[in-house]
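> any chance you can model this:
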Amino acid sequence: MASSIQVSFSVPQRVIHWAMALLIFFNLLFPDGMAHAYRLMRRGETLTPDQISSANIHAYVGFAILFLAVLRLCLRFFQGVPPHPAEEPRVFQIAAKVAHFTFYALFLILPLSGIAAYYFGVQAAGQLHSGPFKALMWVLIAGHLVAVLVHQFYWRIGVLKRMTHG
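Below you'll find the model as predicted:
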């Protein structure tokens with residue numbers, strides 16, 4: 001019996017990847033409701049129902065990201081992932097492993113630090129959440145997009161296909 005090499009991500013892995021991308025972009029681009037509510041809470045002011053609802057949207061999206069991240073890790077563990085392209089230079093394979101590990105860490109750390117700040121009032125968690133953790137996520141996203149473009153158009157390695165249509 002010949003063993004088959006996985007050439008693309010499974011459909012559930014691809015769906016979760018793109019769902020998480022949309023949810024993460026949403027929370028990164030529209031944090032205003034949560035930021036405003038958090039400032040008011042730190043000053044001891046009472047939030048209006050609209051302010052609470054606006055902050056809760058950000059929090060619920062964060063919970064969804066956390067749930068999907070755990071599911072994604074389980075799928076990664078049980079289904080595996082395609083190997084790095086053989087044509088990819090070794091240094092870039094190492095960089096990809098470091099970047100993916102950091103992504104997965106942030107998929108867990110960002111929601112958990114947000115929960116600690118919003119629900120438990122841990123101010124240091126809120127500062128890390130909206131400061132260095134958020135900045136690192138933006139850097140990783142930018143690097144990820146550049147890496148995909150380099151693979152696709154410079155090296156002409158079809159890695160984008162593995163996460164779009166298999």
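> now the residue nearest to the spatial centre of the chain: which helix or strand?
Nearest to the mean C-alpha position of the chain, by C-alpha atoms, centre = their mean, lies Phe107 at 4.6 Å. Secondary-structure assignment from DSSP states H and E places Phe107 in helix 90-120.
> could you do Leu66 as well?
helix 49-79.
> now that helix: buried residues?
Buried residues in helix 49-79, counting neighbours by 16 or more other C-beta atoms under 10 Å, are found at 51, 54-55, 58-59, 61-62, 64-66, 68-69, 72, 75-76. C-beta: built from backbone N, CA, C; applies to glycine.
> hmm, back to that, mind listing what's buried in whichever helix or strand comes after the helix holding Phe107?
Once helix 90-120 ends, the next helix or strand along the chain (criterion: DSSP H and E) is helix 123-128. For helix 123-128, burial by neighbour count (16+ other C-beta under 10 Å) applies to Ala125, Gly126, Leu128.
> how about the nearest residue to the first one, chain neighbours excluded?
Closest residue to Ala125 apart from its sequence neighbours, by C-beta to C-beta, 6 or more residues apart in numbering: Ala116 at 3.7 Å.
> isn't that neighbour up against Leu128?
No - counting by C-beta atoms under 8 Å, Ala116 stays clear of Leu128, with 9.1 Å between them.
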